[in-house]
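> Sequence first, then the predicted structure, then my questions.
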Amino acid sequence: MSHKKEVPAVEVSELSADGSTRDLASQFANRLNTQTGSSGPHVSHSDNIGEAPENASVSVKKEWALLRDPVIHTERLDAIRSKKGYIIDMDGVIYHGATLLPGAKELVEFLQTNNKKFLFLTNNSAPTPRELQSKLERLGINVGEEHFFTSGQATAYFLKSQSPDGGTVYVIGEPGLAYSLYDMGFFMNDHNPDYVVLGESQTYNFEKLTKAVQLVQNGAKLIATHLDTENLDSVGNKIPATGAFTACVELVTNTKAFFCGKPSALIMRYAQRVLGLSRLETCIIGDRMDTDIVAGITSEIDPVLVLSGVTSMDMLQQYAYRPYLILGGVYEIPDEDERHLVTDQELEDASRRVSDQKKKSLY
């Protein structure tokens, strides 16, 4: 499921007309009638976004500088291009529904050409990495399933760290979550499980929630893949999400669930482990301040906000933190500068440093 609003259908072929990627982004924004401050998705070149109000506070002006100041923006964008690893949100960054966003394909080509490591990270625990791979393939982006990481996988990693020998779980969720748990040695049990695990699903009902409540009351530990309380359906109406159902079980049982997805720094640490890179060598690219950006900040990974999803510039004043860089979309990242090429030796050295650091932390 996704937190993003549906947008008017725009064929990918229409976005592949003559003109630069930046022109395509502007055309796409115009097609969606996006403007700063509107409640819908924002897909726009920074030139189309407007300016900071004249009477804006110092804090607001600093946020606009991350988007517009030629020195700050260029310097930080170059630093992001020089990273060895990228953790990338999907909906609102790479696509909207079944529509590929401008620059998404070019971003992946940039990462592959420059030997970067990257993961597409999602709070949606329902799909398997292979299903996510198939979706991107249908949109024209071909990457291996090893480049995808879900909150379901993060949950399985966490349970494995708590119970190295495996265990039993009662799961309300889709196959992607169940497969991840099974791969880590956890088996389904609806009588006396070690854990009750709640994830994305359209099959929540009174009977299943009652079962979850009773099992938690009997001693099972309550785990949620994430605590987002709402999603949007295909026509933009709000529907309850994992966090809402988790709150129900918490309230009845007087317990608190442990969650593993964004904005938890835990999922970021797991993603780093998959990449084999340090936090300083990694960045996260997302469109949500309350999940993607805060996850980067709490894990000390440089967060990049793109305005191609649900966040607009005027929304930033709601938050006490700001991203490292603000972009109109991922189309701003790709370039042809050979300085951003990462050699195999550099990746090996980086992986070895991370491994050595992990060993030191054990002593």
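Received, thanks.

> In this structure Ser201 contacts Pro127, no?
No. Taking contact to mean C-beta atoms under 8 Å, the distance of 12.0 Å between Ser201 and Pro127 leaves them out of contact. In this view, the C-beta of every residue, glycine as well, is placed from N, C-alpha and C.

> any shared contact partners between the two?
Counting by C-beta atoms under 8 Å, 6 or more residues apart in numbering, the shared contacts of Ser201 and Pro127 are Glu174.

> How about residues contacting the top helix by length along the chain?
Looking across the chain with DSSP state H, the single longest helix is helix 344-361. Identification of contacts with helix 344-361 by C-beta under 8 Å, 6+ apart yields 84, 115, 117, 272, 276-278, 281.

> For Phe187, give its distance to Lys208.
18 Å (C-beta to C-beta, to the nearest Å).

> And these two? Which one has more around it.
Set Phe187 next to Lys208 and count neighbours by other C-beta atoms under 10 Å: Lys208 wins out with 17 against 12.

> so Ala79 is in which element?
Assigned by DSSP states H and E, Ala79 falls within helix 70-81.

> If you count contacts, what does that helix end up packed against?
Contact analysis of helix 70-81 by 3 or more C-beta pairs under 8 Å, 6 or more residues apart in numbering; DSSP states H and E lists helix 58-68, strand 302-306, strand 325-327 as its packing neighbours.

> Would you format those as TSV with mean pLDDT and mean neighbour count included?
Output for the helices and strands packed on helix 70-81, formatted as TSV (pLDDT from 0 to 100; neighbours: other C-beta atoms under 10 Å):
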stretch	mean pLDDT	mean neighbour count
helix 58-68	91	16
strand 302-306	97	27
strand 325-327	97	24
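
> residue ranges with poor pLDDT in the stretch 151-300 of the chain?
Across the stretch 151-300 of the chain, the stretches falling below the confidence threshold (pLDDT under 70) are 232-236.

> At which residues are the strands of it located?
Taking DSSP state E, counting those that start in this stretch as the criterion, the stretch 151-300 of the chain contains strands spanning 167-172, 186-188, 195-198, 221-224, 230-232, 238-240, 258-259, 282-286.

> what's the closest non-adjacent residue to the residue most central in space within the chain?
Using C-alpha atoms, centre = their mean, the residue of the chain that lies closest to the mean C-alpha position is Asp89, 3.2 Å off. Leaving out its chain neighbours, the residue that sits closest to Asp89 by C-beta to C-beta, 6 or more residues apart in numbering is Gly286, at 3.8 Å.

> Hmm, Asp91 and the one you found touching each other?
No. In terms of C-beta under 8 Å, Gly286 does not count as a neighbour of Asp91; the distance is 9.9 Å.

> Need the overlap of contacts for those two.
What both Gly286 and Asp91 touch, as defined by C-beta under 8 Å, 6+ apart, is the set Gly309.

> which of the two has more neighbours?
When Gly286 and Asp91 are compared for neighbours, Gly286 comes out ahead with 27 against 22, by other C-beta under 10 Å.

> The more buried one pairs with what?
Leu305 (DSSP bridges).

> heads up, I number from 40, so please use that
Okay, using 40 as the starting number, the last item reads as Gly325.

> what about it, distance to Leu146?
The spacing between Gly325 and Leu146, counted by C-beta to C-beta, is 13 Å.

> what do you get for Leu248?
In this structure, Leu248 and Leu146 are separated by 40 Å, where distance is defined by C-beta to C-beta.

> neighbour count winner among these two?
When Leu248 and Leu146 are compared for neighbours, Leu146 comes out ahead with 25 against 17, by other C-beta under 10 Å.

> List the buried residues in the helix or strand where that one lies.
Element membership for Leu146 (DSSP H and E) is helix 143-152. Taking 16 or more other C-beta atoms under 10 Å as the basis for neighbour counts, the residues of helix 143-152 that come out buried are 143-147, 149-150.

> Redo these as a markdown table? Include distance to Gly368.
Listed next are these as a markdown table, based on distance: C-beta to C-beta, whole Å:
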| residue | distance to Gly368 |
| --- | --- |
| Ala143 | 8 |
| Lys144 | 12 |
| Glu145 | 11 |
| Leu146 | 9 |
| Val147 | 14 |
| Phe149 | 14 |
| Leu150 | 15 |
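
> Perfect, I'm done here.
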